[in-house]
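# The following block contains a protein sequence and its predicted model.
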Amino acid sequence: MRKLSVRAVQKLTCKKRDAWWTVLLVDPVATRMLCWLARFRFVTPNRVTWAALFVGLGSAGLFLRGDRTSLIIGAALYHLSFILDCIDGKLARLKGNGSVFGGWLDYVFDRIRVLFCALALMGGQYLRTHEAYFLLAALVVVFLDMLRYVDALQIYKMRMSMRTKIEKVTAERKAAEAEAEARAAAEQAQRQFEQNQRLLRARQAQQQAHHPHIPQQPGHQAPQGHQAPQGRPVPQQPQAAANAEPKVVFMEDLLRENPGIEADVLKEHAGTGEVVDLHAQFRGRFPWYTRVRQALLRSRIRPHLISGIEFQMFIFIVGPLIGQILWTTAASAVLLGLFELVIMYKFWLSTRDFTRVMDELAPAPQTVGTVADHLFAGRHRGRVPAAAMPPADVEERFPAPQPYEDPGFHPYPQPEPEPDAYRPDPYQRHQQDPPYVSPLGGYLPADHQATQQIPVQVVQRVEQPWTEGDGRLR
């Protein structure tokens, strides 16, 4: 196999912007190792990912020993593991044999490597010094690494969701505008057609008045210069290519592709497409950020100076080399936390820009931020809310649910009526009822009415003691 060009491989496989540790200390070594490993067909991106994991676990084993020599060798192995972790992605971009599973495997193995190395490094120092601060440091390292990557994935997901919503609303608005234009064109054509018909009938009537002996034939042609339309005009449907509207362009993509150009210049030369800027407030509040960003991107360094990569390198490489693991971990944790707060603040401003853009594309209704009146408790029992009464059109703004929307909604529940078969009739005499048996003896008919008082016999109750010998219960 012919020798690969290091410069060509670097231009093809390196990212346009990356962490400063990767740009300065990893890419120069990883690119040259990639040129050598790419010669072998058995070297695949997934196998390089497995190799990076095993080398990282080897560094964790050395960290667990805790002595000075083991810490230095473990730091070197961790750096080699990170170089291999960068090579797998470069090899996939070079040969075009990357896969979705490979990306997932790379991400999971990175978290496993950080977990084992953190526990081994801090656990080894705890076994040597018996200081509980190292156990707390292990928890801090694992938690911040998890927080960093979970937060990054969630912010990326939310940004993609905002983009999707803007593109959808923009497409719906353009479709509505096109439909309105087509409807207006159809109405204009209809009016023109009716006007032509009226002119034609008027001229035919005028011609018939001047020449009554000439009958008007159905196929009679109109005079020259007044050609009658042969049928109802149908507006031509525009071709899809002709009406293809430009896609929504985001300023973030323009700045990423053109790092050395100002945002205002890019917006002016963006063409006829609609440019959406979701970071306008952040650049407006921090104008110096654009200049710093452009200066760093000239060297492919991203403005996020303390990310998860630098956090790991300082703890697992710099700390063991200088022999100050606790202080290096504390400083790295503080710097990472500060940059994460900046990212969260930037994302919050981006959400405000998103709300502004959505209000411009599709204004929100006036009912946003209020609760419908029919959702308050006790509205059917005559309770008067303590707050001010809503405006007169509250029923129109907040209509009650229809029966087909909420089948179980009954504003005025009624008791279930009894069946007619079990409803007694007070005016009907029940002749077939059995005769009434008096407790004093004798039978009386059911409709008997006593004409004199019946004496009541008083029976005295005698309590008898109960004994077990009776064999029965009283």
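Thanks, I have it.

# Look up how far Leu135 lies from the nearest residue to Ala132 once chain neighbours are set aside.
Excluding the flanking residues, the one nearest Ala132 by Cβ to Cβ, 6 or more residues apart in numbering is Tyr126, at 7.4 Å. C-beta: built from backbone N, CA, C; applies to glycine. When distances are taken as Cβ to Cβ, to the nearest Å, Tyr126 and Leu135 turn out to be 6 Å apart.

# Counting neighbours, what do you get for the residue nearest to Ala132?
Residues contacting Tyr126 under the criterion other Cβ atoms under 10 Å number 18.

# same check, this time on the one 10 residues further on
Other residues within reach of Leu136, judged by other Cβ under 10 Å, total 14.

# same question, Ile73
17.

# my guess is it contacts Leu62, does it?
Yes - in terms of Cβ atoms under 8 Å, Ile73 counts as a neighbour of Leu62; the distance is 5.3 Å.

# just to revisit the earlier point, could you give me the buried positions within the strand or helix carrying the residue nearest to Ala132?
If you go by DSSP states H and E, Tyr126 is part of helix 100-129. Along helix 100-129, these residues count as buried under the neighbour rule (16 or more other Cβ atoms under 10 Å): 102, 105-106, 109-110, 113-126.

# could you pull out the strands for the stretch 151-300 of the chain?
249-250, 275-276 (DSSP state E, counting those that start in this stretch).

# Please name the strands paired to the first one in the sheet, noting orientation.
Meaning strand 249-250. Using DSSP bridges, the neighbouring strands of strand 249-250 in the sheet come out as strand 275-276 (parallel).

# where in the protein is pLDDT low?
In the prediction, the chain carries residues with pLDDT under 70 at positions 1, 211-246, 259-260, 270-273, 364-369, 374, 377-474.

# Determine the longest helix present in it.
helix 133-210 (DSSP state H).

# Output the contacting helices and strands for that helix.
Packing contacts for helix 133-210, counted by 3 or more Cβ pairs under 8 Å, 6 or more residues apart in numbering; DSSP states H and E, involve helix 100-129, helix 308-313, helix 325-361.

# what helices or strands is the first one leaning on?
Right, the one you point to is helix 100-129. When contacts are defined as 3+ Cβ pairs under 8 Å, 6+ apart, helix 100-129 sits against helix 45-65, helix 68-95, helix 133-210, helix 325-361.

# Any chance of those helices in TSV with distance to Phe250 as columns?
What follows is these, written out as TSV (distance: least, Cβ to Cβ, whole Å):
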stretch	distance to Phe250
helix 45-65	30
helix 68-95	24
helix 133-210	7
helix 325-361	10
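
# Tell me which of those helices lies nearest to Ser299.
Counting by Cβ to Cβ, Ser299 lies closest to helix 68-95 out of the helices and strands packed on helix 100-129; the figure is 17.2 Å.

# Could you check the angle the closest one makes with helix 325-361?
30 degrees (axes from the mean of the first three to the mean of the last three Cα atoms, to 10 degrees).

# and helix 68-95, what does it pack onto?
Based on contacts counted as 3+ Cβ pairs under 8 Å, 6+ apart, the elements that helix 68-95 packs against are helix 6-13, helix 27-37, helix 45-65, helix 100-129, helix 308-313, helix 319-322.

# so that helix versus helix 100-129, what angle?
170 degrees.

# quick check: angle from helix 68-95 to helix 45-65?
The directions of helix 68-95 and helix 45-65 differ by 170 degrees, with the same axes, to 10 degrees as the criterion.

# buried ones in helix 68-95?
The neighbour-count check on helix 68-95 (16+ other Cβ under 10 Å) flags 70-71, 73-75, 77-94 as buried.

# looking at the strands of the stretch 151-300 of the chain, which is closest to Met160?
strand 249-250 (11.0 Å).

# Can you lay out the strands of the stretch 151-300 of the chain as a markdown table showing distance to Arg201?
Rendered in a markdown table, the data for the strands of the stretch 151-300 of the chain read as follows (distance: least, Cβ to Cβ, whole Å):
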| stretch | distance to Arg201 |
| --- | --- |
| strand 249-250 | 53 |
| strand 275-276 | 53 |
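
# Take the ones you listed and lay them out in JSON lines including mean neighbour count and distance to Ala51.
Compiled in JSON lines, these are given as follows (neighbours: other Cβ atoms under 10 Å; distance: least, Cβ to Cβ, whole Å):
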{"stretch": "strand 249-250", "mean neighbour count": "19", "distance to Ala51": "38"}
{"stretch": "strand 275-276", "mean neighbour count": "19", "distance to Ala51": "43"}
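
# Contact partners for the nearest residue to Leu105 once chain neighbours are set aside?
Ranked by Cβ to Cβ, 6+ apart and with sequence neighbours excluded, the top spatial neighbour of Leu105 is Thr49, at 5.4 Å. For Thr49, the contact set (Cβ atoms under 8 Å, 6 or more residues apart in numbering) comprises 84-85, 88, 102, 105-106, 109.

# Return the member of these nearest to Pro363.
For the contacts of Thr49, the residue nearest Pro363 by Cβ to Cβ is Asp106; the value is 44.2 Å.

# Next one: the closest residue to Ile155 other than its chain neighbours from Tyr107, what distance?
Distances taken as Cβ to Cβ, 6+ apart put Phe347 closest to Ile155, at 5.4 Å, once the chain neighbours are dropped. Here Phe347 is placed at a distance of 21 Å from Tyr107 (Cβ to Cβ).
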